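Colleague: Build me a model:
(chains A and B)
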Amino acid sequence: MRSIASVVNRKSSPSFLKILRSRRYAAYWMVLPLFILIVGLVVYPFCYSLYLSMLNKSETKWVGLKNFGRLLGYGTFWLVVGNSFRFTLIAVFFKATLGLALALILNNLPLAGQRLWRGVSMIPWVMPLALSSLGWWWVFEPTHSAINWVLVQLGGTPKPWLSDPFWARVSTIVTNIWFGTPFFMIMYLAGLKSIPESLYEAAQIDGAGAVQRFRYVTLPMLSRLIAITVMFSTIVTFANFDIVRILTRGGPRYTTHLFGTYAFNIGIEAGHLPRGAAVALFMFPVLGLAAFFILRNIARGEE
Amino acid sequence: MIQSLARRKRAKVFISYCALVPFLVFFLFPLYWMLITSFKTDTEITSLKGVPLIIQGKPTLAHYKKIFFETAYVTWFKNSFLIAGLVTIITMAISILAAYAISRLRFFGSRHFGVGVFCTYLVPPTLLFIPFYKVVGALGLLNSKWSLLFLYPTLTVPFCTWILIGFFSSIPKALDEAAFVDGASYIQMLWKVFLPVAAPGLIAATLFAFTVSWAQFLYPLAYIYRENEMVLTNGIYTTLIRGDVYFWGELMAGALLASIPVVVLFAFLMDYYIAGLTRGTLR
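Modeller: Next up is the predicted model:
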């Protein structure tokens, strides 16, 4: 049948159009722009980054792995490594649990209220992070801002939010939790909707209480979804830039830097592009591992 | 029995609303704080007396006037619209064609290509911004907003293609066959069958491309230092922050105004956005 259609189509077309229309070539020119984009603007820059990271500061001499070695010898770099992992683990943990709690809460609401409050809860995720981080920066301002005022009213002492290493880390993590919790919520809510009601009914008939239904029905049904969402969030959180850049610029004394902000600091601000590239490349193993787990999970879901 | 069930259900809803309150306070407080700050006078912002959580003095529009008339804010707004709009158009053109080919026209390596698209969508901007500095420089586009026109698609195209593949794949094959029997070419079929049927997917992808382009901060910050070429995110950050304590009002006014376009878009198209997000991540 199809061949008839293409014969009909082909009559009186000039040969160039014929090629464009033929099934064999159609697919190739259609994916060509995407292919050029991926190769030219992702694969090539990545390979170039590998090369760049092996040059000296003025990019005149090939120095091998010296940039990587230098970084590994810096105490500062290890601060960045430790902080990046700490930031990611703590933030993702809180986002995943708070997101789950929020999804369960919203799922209990009647539909109209659920729609409204789901939308409102998404605002932190929808708002450009660089702009909301400016708002958080002002929230954490020590003398004129709200949070210390509230603390004092409640009988506490004001905290040096952004100038003390511990509190500065807390601030960046809180901002990240604020930004990312809605993403988890929306994923979980979609997952909760897909759990068949009959499973809960069956559990109830078997005498399972609310906690048991959550433990033995909800959690197992959501496990794959949770795994994928956590991995996604791990990538985004680990590679975050906006929050730390705006709240602390990596300070005080490099204690809140992440790989992204440190690479910016070294590569763009201090003008050592090769070493900046090396810093960014250190992220690759973690990102690659997370991507691998996501792909494996998705492939498993397709079977 | 039925009555007690109804009562239990109402109690559950009530408790859920109570539990929701702390979340809403957490989510909305920074926005509220930004909003009232933007309407306070400088004297009130820096005053240590009274309750800072409300506007005590006379509200003022001075900060808004200042960013509009004394800074390049309007230019940044225009630049943001221009870049995000153009990037969205480019993104949709590339993604629609590619997603259609990958989901329907089997070609050599099409399956692996889909996986490749997915992997590129997981590449964060912080991984490649250093080599991009060299690329942008080599193209003579440092300090130009046009550099963003080819950088942003690297962030938007893979995700949009990926969600469109999902939407296209869910269109029943019977529709293709019917169209072919009627003598439709591949392009006609894409145009007349796929695009209308996958409209929700197209809306989601468009929205996504626009919001991502609007919100990007790292690339403009790294490559654009001339005030007139900046977009909102880096413009507000690099020029509204000054060395004294009196910039908070303008900074908050600027940040809030700049967020409005994407938040409004989201408010109207929430369902498409959420459908796209969940399908793009889970599938």
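
Colleague: For the stretch 201-303 of chain A, what lies in contact range of chain B?
Modeller: When proximity is defined as C-beta under 8 Å from any C-beta of the partner chain, the stretch 201-303 of chain A approaches chain B at A:225, A:228-229, A:232, A:235-236, A:238-242, A:245-246, A:259-260, A:263-264, A:267-268, A:273, A:276-277, A:280-281, A:283-284, A:287, A:290-291, A:294-295, A:298, A:301. From N, CA and C alone the C-beta is placed, and that goes for glycine too.

Colleague: List only those of these flagged as buried.
Modeller: Applying 16 or more other C-beta atoms under 10 Å in any protein chain shown to those, the neighbour count classes A:225, A:228-229, A:232, A:235-236, A:238-242, A:245-246, A:259-260, A:263-264, A:267-268, A:273, A:276-277, A:280-281, A:283, A:287, A:290-291, A:294, A:298 as buried.

Colleague: Next step: those restricted to helices.
Modeller: A:225, A:228-229, A:232, A:235-236, A:238, A:242, A:245-246, A:259-260, A:263-264, A:273, A:276-277, A:280-281, A:287, A:290-291, A:294, A:298 (DSSP state H).

Colleague: what residue ranges in the stretch 1-150 of chain B are flagged as low confidence?
Modeller: In the prediction, the stretch 1-150 of chain B carries residues with pLDDT under 70 at positions B:1-2.

Colleague: Residue 61 - how many residues pack around it?
Modeller: Since no chain was named, I'll use chain A. Summarising burial for residue A:61: neighbours were counted as other C-beta atoms under 10 Å in any protein chain shown, giving 10.

Colleague: not what I meant, chain B
Modeller: A total of 11 residues lie near residue B:61 under the criterion other C-beta under 10 Å.

Colleague: Identify the residue nearest it in space, chain neighbours excluded?
Modeller: Of all residues not flanking residue B:61 in the chain, residue B:39 sits nearest, at 7.5 Å (C-beta to C-beta, 6 or more residues apart in numbering or on different chains).

Colleague: Tell me which residues touch that neighbour, please.
Modeller: When the contact criterion is C-beta atoms under 8 Å, 6 or more residues apart in numbering or on different chains, the partners of residue B:39 are B:55, B:59, B:60, B:61, B:63.

Colleague: Counting neighbours, which of those residues end up buried?
Modeller: Taking 16+ other C-beta under 10 Å as the criterion, what is buried in those is B:55, B:60, B:63.

Colleague: ok, which of the residues you listed also contact chain A?
Modeller: Applying C-beta under 8 Å from any C-beta to the buried ones among the contacts of residue B:39, none is adjacent to chain A.

Colleague: which one of the residues you listed is nearest residue A:194?
Modeller: For residue A:194, the nearest member of the buried ones among the contacts of residue B:39 is residue B:55. The distance, counting by C-beta to C-beta, is 45.3 Å.

Colleague: and that closest one, what is it in contact with?
Modeller: Taking C-beta under 8 Å, 6+ apart, one finds B:36, B:39, B:40, B:44 in contact with residue B:55.

Colleague: Most neighbours out of those residues, which is it?
Modeller: residue B:40 (24 neighbours).

Colleague: Kindly provide the distance from the closest residue to that one other than its chain neighbours to chain A.
Modeller: If the residues on either side of it in the chain are set aside, residue B:40 comes closest to residue B:55, at 5.7 Å by C-beta to C-beta, 6+ apart. With distances taken as C-beta to the nearest C-beta, to the nearest Å, residue B:55 is found 13 Å from chain A.

Colleague: Specify the local secondary structure of residue B:55.
Modeller: Assigned with DSSP: H, G, I helix; E, B strand; the rest coil, residue B:55 falls in the coil class.

Colleague: The residue most central in space within chain A: what's it in contact with?
Modeller: By C-alpha atoms, centre = their mean, the mean C-alpha position of chain A lies nearest to residue A:236, the distance being 1.6 Å. Taking C-beta under 8 Å, 6+ apart as the contact definition, residue A:236 lies against A:180, B:124.

Colleague: Give me the below-cutoff pLDDT ranges for the stretch 151-283 of chain B.
Modeller: Where the stretch 151-283 of chain B drops to pLDDT under 70, the residues are B:243-246, B:282-283.

Colleague: Look through chain B and tell me its longest helix.
Modeller: helix B:2-39.

Colleague: Surely residue A:141 is within a helix?
Modeller: No. With the criterion set as three-state DSSP, the secondary structure at residue A:141 is coil rather than a helix.

Colleague: what about it, how many residues close to it?
Modeller: 17.

Colleague: And for residue B:138?
Modeller: Here the neighbour count serves as a burial measure; for residue B:138 (other C-beta under 10 Å) it reads 9.

Colleague: again, but for residue A:93
Modeller: Counted with other C-beta under 10 Å, residue A:93 comes out at 12.

Colleague: From residue A:151, how far off is it?
Modeller: Plainly put, residue A:93 is 25 Å away from residue A:151 if you go by C-beta to C-beta, to the nearest Å.

Colleague: what does residue B:9 give?
Modeller: Look at residue B:9 and residue A:151: by C-beta to C-beta, they are 39 Å apart.

Colleague: start to end distance for stretch A:184-203?
Modeller: Taking C-alpha to C-alpha, to the nearest Å, stretch A:184-203 runs 26 Å from one end to the other.

Colleague: before we move on, which element is residue 85 in?
Modeller: Let's take chain A. Secondary structure here is read from DSSP states H and E; on that basis residue A:85 sits in helix A:75-108.

Colleague: Chain B was what I was after
Modeller: When secondary structure is defined by DSSP H and E, residue B:85 falls within helix B:73-104.

Colleague: same for that helix, what does it pack against?
Modeller: Applying 3 or more C-beta pairs under 8 Å, 6 or more residues apart in numbering or on different chains; DSSP states H and E, one finds that helix B:73-104 makes contact with helix A:23-38, helix B:110-121, helix B:147-151, helix B:153-169, helix B:199-215, helix B:232-239, helix B:248-282.

Colleague: For the ones you listed, give me CSV that also has mean neighbour count and distance to residue A:205.
Modeller: Written out in CSV, the entries for the helices and strands packed on helix B:73-104 read as follows (neighbours: other C-beta atoms under 10 Å in any protein chain shown; distance: least, C-beta to C-beta, whole Å):
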stretch, mean neighbour count, distance to residue A:205
helix A:23-38, 18, 52
helix B:110-121, 17, 42
helix B:147-151, 22, 57
helix B:153-169, 25, 37
helix B:199-215, 22, 38
helix B:232-239, 24, 55
helix B:248-282, 20, 30
